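**Student:** no FASTA, just this:
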DNA sequence: ACTACTTAGTTGTATCCTCGAACCATCGTG
DNA sequence: CACGATGGTTCGAGGATACAACTAAGTAGT
């Protein structure tokens, strides 16, 4: 399992060789914001298992790239809601595409009769680890 | 898959809550040296997908902890062979134990009738990604 | 209302890990 | 013996993260 992680190259913050070089944290953030628009920074921190200070900086960075909009909540001005901008949406799409390209290469290397098993197993594993 | 990585908490360099706090790089290095004693630093760099400079420091760090011995090769004095010391072996054992404890918790959470599938799938996945 | 507690986010400081480039030592070859 | 290749080390820089101190905004108890 350790070896798997290493083989996948989760070391350097370049990770996805897409249009723009994106750190792993940014990619995950984009993914989560896309999945749940209007998410607060704290919520994102919880999802990513990161400190709120880290998220604050990360959000600022994404805002700086023009990928994310930070808007104060009307009801409760403490909250900052995160949304993808138009450019953010396309950026996320690009990243997702290059990611699936990468995984497709791996997937293709798996014997055809095992592919289903692997996918099933991973989703089981994900389910289990999600709430640990 | 991304989510899986995140769920496993591969973020902060504490990782394995064993006796001594060990960075993820150190843990992997220990694992590889244990697997193949007498490995050179360059060899380790290749295994871990890290720069030789990084390995140099890492090796120095492990040597500083008294876990690794660095010996010049007799035949070719350019090589430095890496070996675990006695303490290094026990340290590696501790880390491995805490790691499997962690994975056992995950494993236990997997429905019993799926466990075998998951293990099989992971080994297939590892095989495939190893040489990518 | 007033005060105290909680919550969301920001900023500052420190640490850790990594890379790239410049450098040294050693080996092999013509 | 000079030259290029190979293994390691050192130096400087950058990125990501945590923790702690701080501000701002809401909430609850009195």
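**Tutor:** Received, thanks. Since we're looking at a predicted model, the values are computed, not measured.

**Student:** packing partners for the helix or strand containing residue A:115?
**Tutor:** Using DSSP states H and E, the element containing residue A:115 is helix A:115-130. Helix A:115-130 sits against helix B:2-7, helix B:86-109, helix B:115-130, with contacts defined as 3 or more Cβ pairs under 8 Å, 6 or more residues apart in numbering or on different chains; DSSP states H and E. (C-beta placed from N, C-alpha, C; glycine too.)

**Student:** centre of the chain to the second one, how far?
**Tutor:** This points to helix B:86-109. Distance of helix B:86-109 from its chain centroid, counting by Cα atoms, centre = their mean, to the nearest Å, is 11 Å.

**Student:** what about that helix and DNA strand C, any contact?
**Tutor:** No - if you take Cβ under 7 Å from any atom of the strand as the test, helix B:86-109 misses DNA strand C, and the best it gets is 13.2 Å.

**Student:** what's the mean pLDDT across that helix?
**Tutor:** Taken as a whole, helix B:86-109 has a mean pLDDT of 84.

**Student:** and it, which residues are buried?
**Tutor:** The neighbour-count check on helix B:86-109 (16 or more other Cβ atoms under 10 Å in any protein chain shown) flags B:88, B:89, B:91, B:92, B:94, B:95, B:96, B:98, B:99, B:102, B:106 as buried.

**Student:** any idea how far chain A is from the third one?
**Tutor:** As judged by Cβ to the nearest Cβ, to the nearest Å, residue B:91 and chain A stand 16 Å apart.

**Student:** give me the number of residues near whichever residue of chain A sits closest to chain B?
**Tutor:** Proximity of chain A to chain B (Cβ to the nearest Cβ) peaks at residue A:121, 3.3 Å away. When counting by other Cβ atoms under 10 Å in any protein chain shown, one arrives at 23 neighbours for residue A:121.

**Student:** could you check the pLDDT of it?
**Tutor:** Per the predicted model, pLDDT is 74 at residue A:121.

**Student:** surely residue A:42 touches residue A:54?
**Tutor:** No - Residue A:42 lies out of contact with residue A:54 (Cβ atoms under 8 Å); the separation is 11.8 Å.

**Student:** ok, residue A:83 touching residue A:36?
**Tutor:** No - shown here, residue A:83 and residue A:36 do not form a contact pair, counting by Cβ under 8 Å, at 10.2 Å.
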